[in-house]
Every structure is written in structure tokens, then in C-alpha cells.
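1. sequence? don't have it. structure:
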């Protein structure tokens, strides 16, 4: 069993990005600039955004954080999005989700200029990814693809089972894994709460991607010997022994599943750090105008 | 075994559309208007476009056919697309594929205003379909969904295997079948030329959708008793006994597969007629501004 070290891979890629940025700057170019809109004070969102700001610094990017209180109107946020769309100094930006209920996430996402949509959530980027055209791939699926690639995990013809059909993980990762090319060219099955014979389906998986958000629901009897298991779960479970009062819990029962695997990602330190690195890569691509001119 | 009669269902739906159009007209509204751009004289394309024009008449739509010779430039076609985008009398339009090699199909598709993209090929419509938002669904997948619905075929939790991962059938039908709701909520597996144990995978299918374009490649030993088989293949196979010199051949070996099925579509007369009906439905939706205002 080999542990997939997302922390190490993400640090490697951030160093590669930083080196490229320094070259751009040395040649007289501008540093990539990522902006983030953060509404309210949700604990998870605060942590994610703080990590994004930190990663920008590590990559040599400029970052801006635009904070709004919970009672901000949708119109005010749309106005801010329009400003960011127009601002030539901003290469890409994100709206940190979730948002308060009185604001339509979808309306905000669709208001973002798709050429600055480094989260890859705009329908144009989703559609282009499905068709197999250059686009900003959404961050978590792209991070998973990088892990498979960096560990040289064989994917062509592999049976890949995706647990969960969310718009931000399950569906897009399934879409990437079925494309021709490497990593990809898998036979992909997407499962969800109404799947019958779930254990049997999972036991056929050479690559199992757990993205249901249900802590420790993938057990050893669902995993084939020699499988690769990618755990996208990051549920906060109360834990009095931690200073924070919680611990991050994956969708996979790691202790019993790991011994059966060829490769497995831990939680934390697996997919999590890769998500931010994908965002950095998309921002670099945006700054270089490599996808959209 | 029940034969799924696409010809009958398509005739029914066309009658329903025609009735709705007459109501619109009686209330002082304008007839829906579908335009088609046809380049060259490919036999298949000529037939498809002629059928579309005929279906428009049956539905009470206005139709326009814009013909160009094989040597037309991409710039000229783009100009025509821009005119159609701007023309308030045209509700929706299509560019009949395939196009001559010197023209980029993708560039043309992306030039179409997505609000008039009744073929559902524009990345915005593809992306919105994947996310589960209202959109123009591409015609063949939408036609398949209508057949499942009209025959009341149970889909929730069903194992659905899609053979083929094309952008116009395999991927979008997989996307529709995995969405929540009816028809949908299937466990979906997408297979292709590099899938291992193809027979075994197919034998697990409650619903098998054959869209590889390989004549008669689905044999009886690949089909579970009681399965629903949807045959999207329409390969023209030389046949001297026909006046046309060819016959349409599906991807399924019908004679040996049909006896095992609960439901099966024939070729011709199954999915084929439904594709055009989907286009008519999208055009009606476009005219009513039901999806995009």
C-alpha cells in the first residue's frame, strides 16, 4: 500500500508554479492575481479562504479578499462581480460557497466572466470540460486527476466507480475520467443514494472515488484488493480532544480499507491540498491567457 | 417483449405540438420558426434536413433552409450565423453536421446564440444540462428520455449502461440518466472501446443504450433477461435489394436480442424519429421563451 501524499504533491506543484511566476516577473510580466469574495463568517469558508490567500503568497500571486457581512444583498455582490469582471488587474476570482440562503449561488456563478471563472463552475466551463475542450476544470476533480498522474496510476480501461453525483465533484470527475487520454479513458460508473448492490459495484472498482460526504461509509468489504481509493470526504466531526473541537473525517474507513489498497489518499492531507493547487493552476492559466485569449 | 414505437410516439408528440401552436396562433401569437444551415450535398444530411423541414410543417412551424455549397468559407457561415442570431423572426436554428473539413464545427457551434441553440450543442447548454439547470437538451438524448417516459419504464436505481461516449449521444444521455427525477436517477456506467469485460458489464444493465455506431455489435449474450435496450445506431449498410442501395443498421443484433428484452427500440423507427421531435420541442420552447427570456 502506498499513501498518496497530497500535501507533498501540492507543495511540489506550488513550487513549480512559483518558479514559473518568477520567470514571468523577471521577463517584465505581471504577477497573477486571484480575488475571492467571502460572505459571512462560516468556519469552513474562513479556513478555505485563508488557505487560498496563503497559497497565493506561496505561488508569488497577488491576492485580494473582499469580505461582506451575512446580510449583504445579491445586487451588491453582483455589482462586485461585475467590477471584478471588468478589472484588468484581476486574472481570476472566486465566490466562496456556501452563501446565505437569500442569495442565489447559481446567479452569482453565472455572472462571473467565464474567462475569470477559475473555480470552473460556470456552465461554459462545465460544458467545455464535458465536450473535452480547453477550459478551467473545477478544482477538486482537477486535483484528483493530478494525483493520479503524479503517482503514475494506470487508468486506461480501468473500472472507475464514483460515489456521489454533486456538481462540484462527482459529475465533473466522472466526466474527466471518461475522456480519452491520460489520466482518463476509464470505464466510469456514477453511484448515488439510490444505487442498488452498491457493495458489489464498488468491489469491481480499480479506482474508487468517494465523494458522498458521508463519514467512513466506505468499508473494507466494498474495496477490491489492489484498488486505488481516493477519498474526497471532509466532514467536520466533533472531537473534544482537539483544540478546534472537531476533526476532519473522510468518506472512507481508512484503517480497515488502507491495507487492501495499492494506493489511498488520507484525510486530511490527500485531496484537500490539491483542490487549492488546482485553483492556483487555473489562476496561472488565466494570467497567461492560455485557455481564453 | 414490447417494441418501443418511436414512430408512433413521435407522431403523437408532433400532434401535441401542432395543437399548442394552433392555440398560440389563435391567441394572436407568431408561429415558431426553425432555420437550418445545410452545407454541401451529403446524402444523410439531405435526408435529415428534409425530414426536419417536413416535421416543421407537421408542427405548424415556419422553417427556412439556407443552403451553401461545399466550398463555402467559414467566415461566410459565421456571418450567416450572426444574422440568424440577430433575426427576431427566427426562434432557433441548427447547423447540419458534418461540415467540410476546412470548417471548424466547434467554432460554428459556439458562434450560435445559446438561446437559439435548439440542437443543444453549445457549451452553455451542455454545461447547464450537466448541472441540472433548464436548457436545450441535445436532441437524441432528450428523445431517448421521452421514450423511457412515454413507455413508463422504471429508471430509479436501475443499472444503466451507455455504450459510447460521443458528445452528441453517449455523454449527454449518461448525464441525463444520472440526474435526480424521472426519467433518471439511474446508476450509470459509460463504456467505450477500451472497456474491459464489456459483456459482463452489459449483462448487468437494466437499461442498455447502444450508441457506438458499430452495426449489430450488441449480441444476445450481452443482454440480461428483461432488460430495456435502446438502439441509437444508424449506420448505412450497402443493400442492393433496396432502391436507395442501403439499409439503416442499428448497433444491436435485433433478431437475437429482442426476445430477451422487456422493451426494445427497432432501427429504423425507434430513436431516429424522436431526435427530430426533440428538435421540434426545443424550437417550441425557444419560441415561448420558456428556458431563456
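-> Good, I have the coordinates. This structure is a prediction, so every number in the text was calculated from the model and none was measured.
2. now the residue nearest the centre of chain A: phi and psi?
-> Centroid-nearest residue in chain A, with C-alpha atoms, centre = their mean: residue A:140, separated by 1.7 Å. Torsion angles at residue A:140 (phi, psi; degrees, to the nearest 10) stand at phi -70, psi -50.
3. that one reaches residue A:276, doesn't it?
-> No: with contacts counted by C-beta atoms under 8 Å, residue A:140 stays clear of residue A:276, the gap being 9.9 Å. All C-beta spots, glycine's among them, are computed from the backbone N, C-alpha and C.
4. ok, now how distant is the closest residue to residue A:212 other than its chain neighbours from residue A:228?
-> Spatial nearest neighbour of residue A:212, chain neighbours left out: residue A:164 (4.3 Å); criterion: C-beta to C-beta, 6 or more residues apart in numbering or on different chains. Remark: distance between residue A:164 and residue A:228 (C-beta to C-beta, to the nearest Å) = 17 Å.
5. neighbour count for these two, which is higher?
-> Counted by other C-beta atoms under 10 Å in any protein chain shown, residue A:164 and residue A:228 do not tie: residue A:228 has more neighbours, with 26 against 23.
6. on the strand side of things, show who the more buried one bridges to.
-> residue A:207, residue A:263 (DSSP bridges).
7. neighbours around the closest residue in space to residue A:266 that isn't next to it in sequence, how many?
-> Leaving aside its chain neighbours, residue A:266 sits nearest to residue A:3 (6.1 Å; criterion: C-beta to C-beta, 6+ apart). Residue A:3 sits with 15 neighbouring residues when counted by other C-beta under 10 Å.
8. and what of the one 10 residues further on?
-> As a burial measure, the neighbour count of residue A:13 was computed by other C-beta under 10 Å and equals 20.
9. quick one: contacts of the host helix or strand of it?
-> Taking DSSP states H and E as the criterion, residue A:13 maps to helix A:6-26. Helix A:6-26 has contacts (C-beta atoms under 8 Å, 6 or more residues apart in numbering or on different chains) with A:30-32, A:55, A:58-61, A:143, A:146-147, A:150, A:265-266, A:269-274, A:276-277, A:280-281, A:284, A:287-288.
10. could I get the buried residue list for that helix?
-> Under the neighbour-count criterion of 16 or more other C-beta atoms under 10 Å in any protein chain shown, helix A:6-26 has A:6, A:9, A:10, A:13, A:14, A:17, A:18, A:20, A:21, A:24 buried.
11. for stretch A:158-178, same thing?
-> Using 16+ other C-beta under 10 Å as the test for burial, stretch A:158-178 gives A:158-165, A:167-178.
12. try stretch A:44-54
-> By 16+ other C-beta under 10 Å, the buried positions in stretch A:44-54 come out as A:45, A:48, A:49, A:52, A:53.
13. around chain B, pick out the residues from the stretch 51-200 of chain A.
-> Proximity of the stretch 51-200 of chain A to chain B is confined to A:106, A:122-128, A:130-133, A:156-157, A:159, A:165, A:167, A:171-172, A:174-175, A:178, A:185, A:187-192, A:194-196 under the rule C-beta under 8 Å from any C-beta of the partner chain.
14. now, of the residues you listed, which are buried?
-> Neighbour-count burial (16+ other C-beta under 10 Å) is assigned, among those, to A:122-128, A:130-133, A:157, A:159, A:165, A:167, A:171-172, A:174-175, A:178, A:185, A:187-192, A:195.
15. these in strands, which ones?
-> A:159, A:187, A:188, A:189, A:190, A:191 (DSSP state E).
16. quick one on the thing from earlier: what average pLDDT does the helix holding residue A:13 get?
-> Helix A:6-26 comes out with an average pLDDT of 98.
17. ok, now stretch A:257-266?
-> Here the average pLDDT along stretch A:257-266 is 98.
18. ends of it, how far apart?
-> End-to-end distance for stretch A:257-266: 11 Å, by C-alpha to C-alpha, to the nearest Å.
19. contacts for it?
-> Residues external to stretch A:257-266 that are found in contact with it (C-beta under 8 Å, 6+ apart): A:1-4, A:6, A:147, A:151, A:153, A:218-220, A:223-231, A:250, A:252, A:254, A:270-271.
20. separation between residue A:219 and residue A:4?
-> Distance of residue A:219 to residue A:4, given as C-beta to C-beta: 20 Å.
21. more crowded one of these two?
-> residue A:4 (26 against 13).
22. roughly how far does the more buried one sit from chain B?
-> 23 Å (C-beta to the nearest C-beta, to the nearest Å).
23. give me the neighbour count for the closest residue in space to that residue that isn't next to it in sequence.
-> Closest residue in space to residue A:4, ignoring its immediate chain neighbours: residue A:265 at 4.5 Å, by C-beta to C-beta, 6+ apart. The local packing of residue A:265 (other C-beta under 10 Å) involves 29 other residues.
24. what's the distance between residue A:265 and residue B:101?
-> Distance of residue A:265 to residue B:101, given as C-beta to C-beta: 44 Å.
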